[in-house]
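Undergrad: here is my input; please provide its structure:
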Amino acid sequence: MKKWFIVLSVSLTFVLMLSSIPASAASPRHGAIVTQTDEAKWSGISADIVLPKTATIKNGYADWYLGLGSAVIESGISKTASGYKVFLGSGSQGGSKYWNSEYDSSIKDGARVNLKLINNGDGTVSLYVNGTLRYKQPIYKPSRLKNLDVVKMVHGVQDNGTNSYSQASFSNVQLRANTSGSVYKKWDGSIKSSLLRKNLESGAAAPKFTVISSVPLSTSLSAQ
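TA: Numbering: from 1, shown residues only. The predicted structure is shown next:
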C-alpha cells in the first residue's frame with residue numbers, strides 16, 4: 001500500500017509540474033505561406049504591404065516580404081517585440097555583407113508601405129521603401145539568381161507559438177517583366193502561380209495561418 005502511495009504521489013507531482021510550465025515554454029514553430037510564380041520570367045517585384053492593425057509579438061518575429069528566385073533573395077518587413085524592421089537578405093550564409101536589417105520607428109501597426117525589390121543584373125539587388133533606396137547589396141554566389149527568375153510573396157513566422165496578427169495584405173503587386181525595368185505587369189489571376197504552405201520546424205505543428213487570398217497574398221495568424 002505504501003509503495004502504491006509513493007508511485008501515485010510521484011505521478012501527481014509530475015503532472016503538476018507539467019501543468020505549471022509557462023506559455024513561453026511552448027513548442028517552437030517556423031513556417032510561412034508563399035505565393036510564387038510558376039514561370040521564371042521576372043527581374044523584380046513591387047507591392048504595397050498593408051500591415052496588420054493588431055500584431056501581438058511575444059518572441060521571435062512575424063514577417064511579410066517579397067522574394068526573387070525560389071530561395072535566393074528575401075526582403076521586406078518584420079516585427080519583433082521591439083518594433084518593426086526593414087530587411088534585405090541576399091545570402092546571409094555568406095556573411096554580414098549579404099544581410100541588412102534595421103528597426104524603423106516610422107512603421108506602425110496598420111501602416112501601408114510600398115516595397116520594390118530589383119535584380120540589378122550586375123550581381124547586386126536593391127530594395128526601395130516608399131520610393132527611396134534603402135539597401136543595395138551584393139548577391140552571395142550571384143549565379144544562383146537568373147536575370148529573369150521566379151518571384152514570390154511571403155508571410156512568415158518564427159516563434160514559440162504565441163505570436164498572432166490580424167489581417168496583413170499585399171496589394172498593387174507589379175512584376176518587373178524585363179531586365180531594364182521599362183515594363184511592369186500586374187500580378188493578377190492571369191499570372192500562373194502556386195500557393196505553398198511551408199512548415200520549417202521539424203516535428204512541430206504548422207503555424208495557424210488563415211489564407212484570405214493568394215493573389216495578392218493576404219493572411220492572418222493565430223497563436224497555437
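Undergrad: sketch out the low-pLDDT regions of the protein for me.
TA: Counting by pLDDT under 70, the low-confidence segments of the chain come to 1-26.
Undergrad: from Gly95, how far out is the nearest residue to Tyr184 once chain neighbours are set aside?
TA: Taking C-beta to C-beta, 6 or more residues apart in numbering, and ignoring the residues beside it in sequence, Tyr184 has Gln174 as its nearest neighbour in space, at 4.3 Å. Where C-beta positions appear, they are placed from N, C-alpha and C, glycine not excepted. With distances taken as C-beta to C-beta, to the nearest Å, Gln174 is found 32 Å from Gly95.
Undergrad: the two: which is more packed in?
TA: Ranked by neighbour count (other C-beta atoms under 10 Å), Gln174 and Gly95 place Gln174 first, with 15 against 9.
Undergrad: I'd like the next helix or strand past the helix or strand harbouring the more buried one.
TA: Following DSSP states H and E, one finds Gln174 within strand 164-176. On the C-terminal side of strand 164-176, the closest following helix or strand by DSSP H and E is strand 184-186.
Undergrad: ok, and what's touching whichever helix or strand comes after that following strand?
TA: If you walk from strand 184-186 toward the C-terminus, the next helix or strand you reach (DSSP H and E) is strand 193-199. For strand 193-199, the external contacting residues (C-beta atoms under 8 Å, 6 or more residues apart in numbering) are 29-38, 187, 205-207, 209, 211, 214-215.
Undergrad: starting at the chain centroid, how far to strand 193-199?
TA: Relative to the centre of its chain, strand 193-199 is centred 12 Å away, using C-alpha atoms, centre = their mean, to the nearest Å.
Undergrad: list the strands paired with that strand, with their directions.
TA: strand 29-37 (antiparallel) (DSSP bridges).
Undergrad: now do the strand it pairs with against strand 164-176, angle only.
TA: For strand 29-37 against strand 164-176, the angle by axes from the mean of the first three to the mean of the last three C-alpha atoms, to 10 degrees is 30 degrees.
Undergrad: contacting residues around whichever helix or strand comes after strand 29-37?
TA: Remark: after strand 29-37, the chain's next helix or strand is strand 44-50, criterion DSSP H and E. When contacts are taken as C-beta under 8 Å, 6+ apart, the neighbours of strand 44-50 outside the stretch itself are 64, 66-68, 76-77, 110-119, 151, 153, 167-176, 181, 184, 187, 216.
Undergrad: mark which of those residues are buried, thanks.
TA: Among the contacts of strand 44-50, those classed as buried by 16 or more other C-beta atoms under 10 Å are 64, 66-68, 76-77, 113, 115-119, 151, 153, 168-170, 173, 175-176, 184, 187, 216.
Undergrad: which residues of this protein fall in helices?
TA: Chain-ordered helices for the chain, with DSSP state H as the definition, fall at 2-19.
Undergrad: hmm, back to that, what sits against the residue nearest to Tyr184?
TA: Each residue near Gln174 by C-beta under 8 Å, 6+ apart is listed here: Ile45, Ser46, Ala47, Tyr184, Lys185, Lys186, Trp187.
Undergrad: perfect, I'm done here.
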